[in-house]
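[1] Kindly return the folded structure for what I paste below:
(chains A, B, C and D)
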Protein chains: 2
Amino acid sequence: MKHLQTFRLIEAVARAGSMRRAAEDMNITASALNRRINRFEDEFGAEIFERGSGGVRLNPAGELVLHHYRATLSDLSRVQGQVADLSGERRGHVSIACSQALLPYFLPREIARYRAEHPGVTFSVNVRDRSQAEQELASYSSDLALVFEPVYLVDFEVVHVIPQAVNVVMRADHPLARKSEIRLRDCLDTSHVAPSAQYGVRHLLDFAARRGTRRVSPVVETESFEMIRHYVLHENVIGFQIPIGLRAIDDRSVVYRPISERDLPAGNLILGQMRGRTLPVASARFAMQLSTALRDYEQAA
Amino acid sequence: MKHLQTFRLIEAVARAGSMRRAAEDMNITASALNRRINRFEDEFGAEIFERGSGGVRLNPAGELVLHHYRATLSDLSRVQGQVADLSGERRGHVSIACSQALLPYFLPREIARYRAEHPGVTFSVNVRDRSQAEQELASYSSDLALVFEPVYLVDFEVVHVIPQAVNVVMRADHPLARKSEIRLRDCLDTSHVAPSAQYGVRHLLDFAARRGTRRVSPVVETESFEMIRHYVLHENVIGFQIPIGLRAIDDRSVVYRPISERDLPAGNLILGQMRGRTLPVASARFAMQLSTALRDYEQAA
DNA sequence: CCAATGCGGTGCAAAAAATGCACCACTTGG
DNA sequence: CCAAGTGGTGCATTTTTTGCACCGCATTGG
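    Purely as a prediction, here's the structure:
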């Protein structure tokens, strides 16, 4: 949509931090860019950039303008999606920000199931930790977020929530595998592998350990839950993950057991969107499917 | 905002029903207008007008586009309001659709009170019946609606609600004025003046009368409650209105008495906005003031 | 301390886009 | 069957936008 070109340029300038660099990025002359910005500010009635030596940066008014642009863009693409729907095309795009736990089993199955019915719909899956996921929604970069234990709940509208207890994952021959429920102290007493601090699982572990004046002291700390899941195969230690990211393996080489709720309350896996936003058709439908799937998953567990 | 010019033209064409007439309205050539529309449709990816002989009219896709434009416009003016607020100007505009009952006493006082603190804020007061008021919100023509007994509540978000019993209004020397509460049958047995069918007061009266197999048969039927209020001074008949639109007059020439709740349940006076919409600063603040005023009014009564 | 560099902004001419005018093809109602 | 209405189009003209060459200024590094 050509009429939003000025906003695209504003966004580029905000990103680049300098008009000249933004001009290069957008394949345009610095002078032309400069004049468009100035003209916009005239028309808008206020400056939107702070001119400092060495470049420019958005002022609060500019932040509002940029937000307006993103909201407009989002609404426009929603409208285009609905129009495409009218003409029976059923195309569209869903972008979702999610925690790592959803990557191996849950999301692939749900996306495939959705695409089986709507082959014209494409997906972006953005792996984000719990705080990033919410920023993702706020900037309209993702339509949906499916995250474990989100941080700030402002502008985050909960669509569905299911509890997920932190589980211990380990080889079947690990001593703790014999119990059906594991105490936190047993975890801390044995060698363990843990995710790094920005993740919900680690946050819950740290919090619970501190309450018992213990500390989580992992022999391997990583940002990758896939790493954790596979590491326990190579050294007989324990790892942590929530059940939706786990599955009993055929040869029963890896097992998982919940940590006792006395020690560590279950966290929440939350499907959410930006508050008040009307989602594109495809995203709204996919959100409904996810809700149903999460409910079924919870009842099956 | 120049970048929305094409949308303004689209709106004009939709309103005029013909490109040539719209072109005149917008002081532009039909050819230029025609090409802008065609270019937009190209870019947008779908036709938004149905071309019939004798003119054009919006198709469903066009309705969506027009709605997008209005939403964008509303959001933009909200942003401009917030920016003005940032620079300390405190200006803005509030548009409110309301029932007639609010016109004589309640709204003038509240608007004046608001403007005493924020002289830069201007107001539009649009008198609308209960169904029009909601359309007004849906088309972003008004920010707020304050109506008695709204019809459809879809897309209508209730901000505040107070009950309002239908009252009989009459001269002090009318026989019914001696009672403190009036039965519906007494109203129907005496000559009465009533509002026409689209109004909430009449709707409640009709409904209650029909339940008792009676009918409302006014000697004067009017769209104007002001007319009703003044008519009872000239002929000794009764009229109807809700208390917020009434006030005891100094010389006690006109009095009002509630109709018994056994016969006619109290209706609702509802302050609302469009569902999910973020209101401009001034409107949001005014809505808060109205909420408070309504609460105080209810407690005082 | 001064030249070099990078910044935003501006005058002016060239390029691009939008517009107005004249006109076409078509439908409709008297 | 024609007059009056409609949307659409080719072409010259006007308006807007852009690119180029600069300016003044601040920061930086030798």
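
[2] what ranges do the helices span in the stretch 151-300 of chain A?
    Applying DSSP state H, counting those that start in this stretch to the stretch 151-300 of chain A gives helices spanning A:184-189, A:200-211, A:225-234, A:281-300.

[3] want to try TSV for the ones you listed, with distance to DNA strand C and mean pLDDT as columns?
    C-beta coordinates here come from the backbone N, C-alpha and C atoms, glycine included. Putting the helices of the stretch 151-300 of chain A into TSV (distance: least, C-beta to the nearest atom of the strand, whole Å; pLDDT from 0 to 100) gives the following:
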stretch	distance to DNA strand C	mean pLDDT
helix A:184-189	52	94
helix A:200-211	40	93
helix A:225-234	40	89
helix A:281-300	30	93
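
[4] so which of these gets nearest chain B?
    Minimum separation from chain B across the helices of the stretch 151-300 of chain A (C-beta to the nearest C-beta) falls at helix A:281-300, 11.3 Å.

[5] Tell me which other helices or strands the closest one touches.
    helix A:60-86, strand A:92-98, helix A:106-117, strand A:144-148, strand A:156-164, strand A:267-274 (3 or more C-beta pairs under 8 Å, 6 or more residues apart in numbering or on different chains; DSSP states H and E).

[6] So which of the ones you listed is the most surrounded?
    strand A:144-148 (a mean of 27; mean count of other C-beta atoms under 10 Å in any protein chain shown).

[7] can you give me the angle that one makes with helix A:281-300?
    Relative orientation of strand A:144-148 and helix A:281-300, computed by axes from the mean of the first three to the mean of the last three C-alpha atoms, to 10 degrees: 30 degrees.

[8] partners of strand A:144-148, with directions?
    strand A:92-98 (parallel), strand A:267-274 (antiparallel) (DSSP bridges).

[9] next one: it to chain centre, how far?
    The chain centre lies 5 Å from the centre of strand A:144-148; the measure is C-alpha atoms, centre = their mean, to the nearest Å.

[10] Dump the helices and strands packed on helix A:281-300 into TSV; add mean pLDDT and distance to A:Asp129 as well.
    Converted to TSV, the helices and strands packed on helix A:281-300 look like this (pLDDT from 0 to 100; distance: least, C-beta to C-beta, whole Å):
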stretch	mean pLDDT	distance to A:Asp129
helix A:60-86	92	22
strand A:92-98	90	10
helix A:106-117	90	16
strand A:144-148	95	8
strand A:156-164	94	14
strand A:267-274	94	14
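
[11] re the thing from before, can you redo the helices of the stretch 151-300 of chain A as CSV with distance to A:Arg35?
    Converted to CSV, those look like this (distance: least, C-beta to C-beta, whole Å):
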stretch, distance to A:Arg35
helix A:184-189, 63
helix A:200-211, 48
helix A:225-234, 50
helix A:281-300, 37
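
[12] Buried ones in the helix or strand encompassing A:Ala32, by neighbour count?
    A:Ala32 is part of helix A:30-44, with elements assigned from DSSP states H and E. By neighbour count with 16 or more other C-beta atoms under 10 Å in any protein chain shown, helix A:30-44 contains the buried residues A:33-34, A:36-37, A:40-41, A:44.

[13] of the residues you listed, closest to B:His174?
    A:Phe44 (59.9 Å; C-beta to C-beta).

[14] about what we covered before: quick one: which of the strands paired with strand A:144-148 is nearest DNA strand D?
    Closest to DNA strand D of these, according to C-beta to the nearest atom of the strand: strand A:92-98, at 27.8 Å.

[15] Give me the distance from that closest one to the chain's centre.
    Centroid separation between strand A:92-98 and its chain, computed with C-alpha atoms, centre = their mean, is 10 Å.

[16] Between helix A:60-86 and that strand, find me the angle.
    130 degrees.

[17] Tell me which residues touch A:Glu134, please.
    By C-beta atoms under 8 Å, 6 or more residues apart in numbering or on different chains, A:Glu134 lies in contact with A:145, A:147, A:150-152, A:155-156.

[18] how about the residues you listed, which pair is most distant?
    Taking C-beta to C-beta, no two of the contacts of A:Glu134 sit farther apart than A:Val147 and A:Asp155, at 14.0 Å.

[19] sorry, back to before: and of the contacts of A:Glu134, the nearest to chain B?
    Nearest to chain B out of those is A:Asp155 (C-beta to the nearest C-beta; 11.1 Å).

[20] So the closest one is in contact with A:Met274, correct?
    Yes. With contact defined as C-beta atoms under 8 Å, A:Asp155 reaches A:Met274; the gap is 5.9 Å.

[21] still on that earlier bit, how about residues contacting the helix holding A:Ala32?
    A:6, A:9-10, A:13, A:19-20, A:22-23, A:26, A:47-49, A:65, B:1-2, B:80, B:83.

[22] hey, C-alpha coordinates of it in CSV?
    What follows is helix A:30-44 as a C-alpha-only set of coordinates in CSV (Å, rounded to 0.1, in the frame of the first residue of the first chain):
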residue,chain,number,x,y,z
ALA,A,30,19.0,11.5,1.9
SER,A,31,17.5,14.7,0.8
ALA,A,32,14.3,13.2,-0.4
LEU,A,33,13.9,11.2,2.8
ASN,A,34,14.7,14.3,4.9
ARG,A,35,12.0,16.3,3.2
ARG,A,36,9.4,13.6,3.5
ILE,A,37,10.1,13.4,7.2
ASN,A,38,10.0,17.2,7.6
ARG,A,39,6.8,17.4,5.6
PHE,A,40,5.2,14.7,7.7
GLU,A,41,6.1,16.5,10.9
ASP,A,42,4.6,19.7,9.5
GLU,A,43,1.4,18.0,8.6
PHE,A,44,1.2,16.0,11.7
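
[23] Up against chain B, what does the stretch 201-301 of chain A have?
    Residues of the stretch 201-301 of chain A found near chain B (C-beta under 8 Å from any C-beta of the partner chain) are A:276, A:278.

[24] where do the contact lists of A:Asp155 and A:Met274 overlap?
    In contact with both A:Asp155 and A:Met274: A:137-138, using C-beta under 8 Å, 6+ apart.

[25] Quick check: closest non-adjacent residue to A:Gln198.
    Closest residue to A:Gln198 apart from its sequence neighbours, by C-beta to C-beta, 6 or more residues apart in numbering or on different chains: A:Asp129 at 4.5 Å.

[26] Spell out which parts of chain A neighbour DNA strand C.
    Within chain A, the positions near DNA strand C by C-beta under 7 Å from any atom of the strand are A:2, A:18-21, A:30-31, A:34-35, A:37-38, A:51, A:53-56.

[27] what's the angle between the helix holding A:Ala32 and helix B:60-86?
    Relative orientation of helix A:30-44 versus helix B:60-86 (the same axes, to 10 degrees): 80 degrees.

[28] And whichever helix or strand comes after helix A:30-44, what does it pack against?
    Remark: after helix A:30-44, the chain's next helix or strand is strand A:49-52, criterion DSSP H and E. Counting contacts by 3+ C-beta pairs under 8 Å, 6+ apart, strand A:49-52 is packed against strand A:55-58.
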